[in-house]
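1. Here is a sequence together with a model predicted from it:
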Amino acid sequence: KQEVTQIPAALSVPEGENLVLNCSFTDSAIYNLQWFRQDPGKGLTSLLLIQSSQREQTSGRLNASLDKSSGRSTLYIAASQPGDSATYLCAVMNRDDKIIFGKGTRLHILP
Amino acid sequence: NAGVTQTPKFRILKIGQSMTLQCTQDMNHNYMYWYRQDPGMGLKLIYYSVGAGITDKGEVPNGYNVSRSTTEDFPLRLELAAPSQTSVYFCASSYSSRRAAFFGQGTRLTVV
């Protein structure tokens, strides 16, 4: 059974700092891994999708990496801003077509 | 583009009542998913479908039913609502296992 873990559960950092969010998964037989952002009371917004054959994807200040063999992914946020405050969720697409989520990391950027 | 649309946005049910949460997408996506999100617990998969006429159980299917008669629609049925089903429900869709998933804005359900 696939299990997805995100560490830390919550994080507060001063504005301008670079930061890393971690995601690990127990079954490496995945199609892809996706990072989402969720603002309070809102739906999920897709940030980055990494296919199982890829090592990383970049979008603006965001960079996501994937090490499928070790079951790990990181989301790197450069030069953090108060508008980056949100919950970040990691999800893997299994070979049985299920998308399994971690519990998320609540990020607070201090002005 | 409408994307993934969920209705209603909010609903209060009494214990034992039933209701259907609606989800429709206009992106011609084959894959559709239903999740529930409880505070601090991430998203738990209830049911999913890889195409019209095909549905499968997720992690927490008990108390729910689904159908997929068309590509666009994937309704979630709650029979005999219980307080444990109080949650925020999200519907998602994806073109295939290789593509990104997109989410609706959610339905906040309270069972009293």
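-> Great, that's in hand.

2. residue contacts, residue 8?
-> Picked chain A for this. A:Pro8 is in contact with A:Asn22, A:Thr105, counting by CB atoms under 8 Å, 6 or more residues apart in numbering or on different chains. For the C-beta atoms, the positions are set from N, CA and C on the backbone; glycine is no exception.

3. if you could check chain B rather than the one you did, that'd help
-> B:Pro8 touches B:Leu21, B:Gln22, B:Thr107, counting by CB under 8 Å, 6+ apart.

4. Go again with 7 Å.
-> By CB atoms under 7 Å, 6 or more residues apart in numbering or on different chains, B:Pro8 lies in contact with B:Thr107.

5. who's A:Phe36 bridged to?
-> A:Ser46, A:Leu89 (DSSP bridges).

6. and the residue of chain B positioned farthest from its centre, what are its phi and psi?
-> Here chain B reaches farthest from its C-alpha mean at B:Arg98, the gap being 20.9 Å by CA atoms, centre = their mean. Dihedral angles of B:Arg98 (phi, psi; degrees, to the nearest 10) stand at phi -100, psi 0.

7. Name the nearest residue to it, sequence neighbours excluded.
-> Among residues not flanking B:Arg98 along the chain, A:Tyr31 sits closest, at 6.1 Å (CB to CB, 6 or more residues apart in numbering or on different chains).

8. Check which helix or strand the one you found maps to.
-> Per DSSP states H and E: A:Tyr31 is located in strand A:30-38.

9. same for that strand, what does it pack against?
-> strand A:44-51, strand A:86-94 (3 or more CB pairs under 7 Å, 6 or more residues apart in numbering or on different chains; DSSP states H and E).

10. Contacts made by that strand with the rest, please.
-> Strand A:30-38 is contacted from outside by A:44-52, A:64, A:66, A:68, A:73, A:75, A:86-95, B:97-98, B:100-101, using CB under 7 Å, 6+ apart.

11. Just the buried residues of the residues you listed.
-> By neighbour count, with 16 or more other CB atoms under 10 Å in any protein chain shown, the contacts of strand A:30-38 hold A:44, A:46-52, A:64, A:66, A:68, A:73, A:75, A:86-94, B:97, B:101 as buried.

12. Check whether A:Leu44 really touches B:Phe102, as I assumed.
-> No - counting by CB atoms under 7 Å, B:Phe102 is not a contact partner of A:Leu44; they are 8.5 Å apart.

13. Now do the buried residues in stretch A:79-88.
-> Buried residues in stretch A:79-88, defined by neighbour count with 16+ other CB under 10 Å: A:Ser80, A:Asp84, A:Ser85, A:Ala86, A:Thr87, A:Tyr88.

14. For those, which two are the farthest from each other?
-> Farthest pair in these (CB to CB) is A:Ser80 and A:Thr87. Separation: 14.8 Å.

15. Run through the residues of chain B sitting next to chain A.
-> B:31, B:33, B:40-43, B:45, B:48, B:50, B:58, B:90, B:97-98, B:100-106 (CB under 7 Å from any CB of the partner chain).

16. Many thanks, I have nothing further to ask.
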